[in-house]
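Asks: structure of the sequence below:
(chains A and B)
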Amino acid sequence: MLRVPGWKGALAGQHIDIRLTAPDGYQAARSYSLSSAAGDELAAVSIELMPDGEVSPYLVRGVSVGDQLEVLGPLGGWFVWRPSQQEPIRLIGGGSGIAPLVSILRTHIASGNTAPVHLLYSVRSPDFVYFHDELSALTEAAGAAVTIQYTRHAPEGWPGTLGRLDAARVASWAAATDPSSSTYICGPTRFVELASDALVAAGADPMTVRTERFGGA
Amino acid sequence: MGIVTPGFFGKHREADPKLPPGQYETKDFPVLSAGPTPNIHPGEWSFSITTETGEVKRWSWDEFLALPIETVHTDIHCVTRWSKFDTTWRGVSLDTLFAEVDTKFGYTMAHSYGGYTTNVPLADLLGGKAWVAFEFGGEPLDPEHGGPARLLVPHLYFWKSAKWVNGLTMHETDELGFWEVNGYNAYGDPWKEQRYYYDS
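Replies: Numbering: from 1, shown residues only, chains lettered A, B, ... in the order given. Below is the predicted model:
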């Protein structure tokens, strides 16, 4: 959570850049999706540790409460959801790609928007669910229908299937949602390519599908 | 210089003169797209330039491949902060395409399959600075990277190198395209770090 002087909130789905500066002036910056609601006073981001990374190891291990960071943003004007949107919402997240979708859920709840929400969340195992404690409360408050796809391990007694999200799973999920929905897909590049291709193949209008890809392959 | 971040020293210490400010080098080829990847068969692909008189010069895929083809070695810089060095492309120079076009207007809007647009001044497309590229690293360009063909304007941030490009329209003034309306810079010079709309 970041307290940013002059922060006037953000649009749900936007990101910020965090820039680190070494004593000799060397700088490195990366982009992180906001998970906070549009009007929140604090900016919330989730940092996934990239073991060989330059910025995430510092942010995960080297930052304590009270430290100062340089923040640029909020940024991005396309992968956003506005409370004035009335059409149903489809959200598809892979791993830490759930972060901006959480921002959309939080903003949806705070605004009192009544558009139906469907969330499809692909995650390795229950231990890897981001916003673990909060997610079920959030989706319940948003009235969202949630489908979780565990790719490696499912909780004991899990009634669903195990394995990677594939085109057939996306299509069967989409079949139970409104074709006039706006869709937001965020995750690693391969995941987003697969999910968006499958959705378009299942009949979605490409201009209603907004995507945010991160990382390499 | 920004706020010094205590305990941060960074990894890529050797200052690389090929790296614009705020960028890091990657060996991958990440993907930045606003939506799903359109799948355009070369047989249905064409490229056109539309001038102020309404005249349209159009090339089919076969006509396009019959034009002089250049091999381009260049570094590319994405606004999301990755740079990739020494990439190899094949494509047709915009000089070649504009040799067949008569226009007095100084600005272009690139149009893509899928409806995306980006604005580029004509001067940034001429003089050996830009191509319509259809091969990357000796292979046909992947759809997720803009295949069958994309604009290649490597001296600007890479969103200006419109994926799935199918034409240019000429404009008297610099109008904003899809990416620029959505927060990116109107011009996008990586060496001046013109990432966002408010950067100058």
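Asks: and residue A:79, how many neighbours?
Replies: Residues near residue A:79, counting by other Cβ atoms under 10 Å in any protein chain shown, number 22. To be clear about C-beta, it is placed using only N, CA and C from the backbone, and glycine gets the same treatment.
Asks: which residue ranges form the strands in chain B?
Replies: Remark: strands assigned in chain B by DSSP state E are B:24-25, B:46-50, B:56-60, B:70-77, B:82-93, B:107-112, B:117-121, B:131-136, B:139-140, B:150-152, B:165-171.
Asks: please apply the same query to chain A.
Replies: Using DSSP E, strands in chain A cover A:15-21, A:27-33, A:70-75, A:89-94, A:117-123, A:145-150, A:182-188, A:209-214.
Asks: any idea which of those strands is most buried?
Replies: strand A:89-94 (a mean of 27; mean count of other Cβ atoms under 10 Å in any protein chain shown).
Asks: near chain B at all, that strand?
Replies: No. Applying Cβ under 8 Å from any Cβ of the partner chain, one finds strand A:89-94 separated from chain B by no less than 11.6 Å.
Asks: compute the inter-axis angle for that strand and strand A:182-188.
Replies: 10 degrees (axes from the mean of the first three to the mean of the last three Cα atoms, to 10 degrees).
Asks: now strand A:89-94 and strand A:117-123, what's the angle there?
Replies: 10 degrees.
Asks: okay, the angle between strand A:89-94 and strand A:145-150?
Replies: Using the same axes, to 10 degrees: strand A:89-94 against strand A:145-150 is 10 degrees.
Asks: picking that back up, out of the strands of chain B, which is closest to residue A:200?
Replies: Smallest distance to residue A:200 across those (Cβ to Cβ): 15.6 Å, for strand B:107-112.
Asks: so what are the sheet partners of that closest one and their directions?
Replies: Note on strand B:107-112: by DSSP bridges, its sheet partners are strand B:117-121 (antiparallel), strand B:165-171 (antiparallel).
Asks: return the distance of the longest one from the chain's centre.
Replies: Okay, so that is strand B:165-171. 13 Å (Cα atoms, centre = their mean, to the nearest Å).
Asks: contacts only, for the most centrally placed residue in chain B.
Replies: By Cα atoms, centre = their mean, chain B has its centre lying nearest to residue B:161, at 0.9 Å. Each residue near residue B:161 by Cβ atoms under 8 Å, 6 or more residues apart in numbering or on different chains is listed here: B:76, B:146, B:150, B:151, B:152, B:153, B:154.
Asks: okay, among those residues, which ones form the most distant pair?
Replies: By the measure Cβ to Cβ, B:146 and B:154 form the most distant pair in the contacts of residue B:161, at 13.3 Å.
Asks: between those two, which is the more surrounded one?
Replies: Neighbour count, other Cβ under 10 Å: between residue B:146 and residue B:154, residue B:146 has more, with 27 against 21.
Asks: pretty sure the more buried one sits against residue B:165.
Replies: Yes. Using Cβ atoms under 8 Å, residue B:146 makes contact with residue B:165 at a distance of 7.3 Å.
Asks: neighbours of residue 165, just the number please.
Replies: Answering for chain A, as no chain was given. Residues lying near residue A:165 (other Cβ under 10 Å) number 22.
Asks: hmm, I had chain B in mind actually
Replies: 23.
Asks: ok, back up a step: among the contacts of residue B:161, who's most crowded?
Replies: Comparing the contacts of residue B:161 by number of neighbours (other Cβ under 10 Å), residue B:152 comes first, having 29 neighbours.
Asks: who's in contact with that one?
Replies: Residue B:152 sits in contact with B:72, B:74, B:89, B:91, B:130, B:131, B:132, B:133, B:161, where contact means Cβ under 8 Å, 6+ apart.
Asks: contacting residues for the fifth one?
Replies: It refers to residue B:130. B:93, B:94, B:120, B:124, B:151, B:152, B:153.
Asks: which two in those are spaced the farthest apart?
Replies: Farthest pair in the contacts of residue B:130 (Cβ to Cβ) is B:93 and B:120. Separation: 14.5 Å.
Asks: so which of those two has more stuff around it?
Replies: When residue B:93 and residue B:120 are compared for neighbours, residue B:120 comes out ahead with 25 against 22, by other Cβ under 10 Å.
Asks: partner residues bridging the more buried one?
Replies: Residues in beta-bridge contact with residue B:120 (DSSP bridges): residue B:108.
Asks: same check on residue B:196?
Replies: With DSSP bridges as the rule, residue B:196 is bridged to residue B:184.
Asks: coming back round to it: redo the strands of chain A as a markdown table? Include distance to residue B:29 and mean pLDDT.
Replies: What follows is the strands of chain A, written out as a markdown table (distance: least, Cβ to Cβ, whole Å; pLDDT from 0 to 100):
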| stretch | distance to residue B:29 | mean pLDDT |
| --- | --- | --- |
| strand A:15-21 | 21 | 93 |
| strand A:27-33 | 18 | 91 |
| strand A:70-75 | 22 | 94 |
| strand A:89-94 | 19 | 97 |
| strand A:117-123 | 23 | 97 |
| strand A:145-150 | 27 | 95 |
| strand A:182-188 | 14 | 96 |
| strand A:209-214 | 12 | 92 |
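Asks: now stretch B:181-193 - C-alpha only, CSV.
Replies: Below are the C-alpha coordinates for stretch B:181-193, written out as CSV (Å, rounded to 0.1, in the frame of the first residue of the first chain):
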residue,chain,number,x,y,z
VAL,B,181,-6.0,8.9,-26.9
ASN,B,182,-5.6,6.3,-24.2
GLY,B,183,-2.7,8.0,-22.4
TYR,B,184,0.4,7.4,-24.5
ASN,B,185,2.5,10.3,-25.8
ALA,B,186,1.6,11.9,-29.2
TYR,B,187,5.2,11.5,-30.5
GLY,B,188,7.0,8.9,-28.4
ASP,B,189,10.8,9.5,-28.6
PRO,B,190,12.5,6.9,-26.3
TRP,B,191,15.6,9.1,-26.0
LYS,B,192,13.5,11.9,-24.5
GLU,B,193,11.4,9.4,-22.5
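Asks: and the average pLDDT for it is what?
Replies: Across stretch B:181-193, the average pLDDT comes to 96.
Asks: and it, which residues are buried?
Replies: Neighbour-count burial for stretch B:181-193, counted by 16 or more other Cβ atoms under 10 Å in any protein chain shown, picks out B:182, B:183, B:184, B:185, B:186, B:187, B:188, B:189, B:190, B:193.
Asks: ok, stretch A:121-132 next?
Replies: Using 16+ other Cβ under 10 Å as the test for burial, stretch A:121-132 gives A:121, A:122, A:123, A:129, A:130, A:131.
Asks: could I get the contacts of residue B:161 as CSV with pLDDT?
Replies: Shown next, in CSV, are the contacts of residue B:161 (pLDDT from 0 to 100):
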residue, pLDDT
B:76, 98
B:146, 96
B:150, 98
B:151, 98
B:152, 98
B:153, 98
B:154, 98
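Asks: many thanks, we can stop here.
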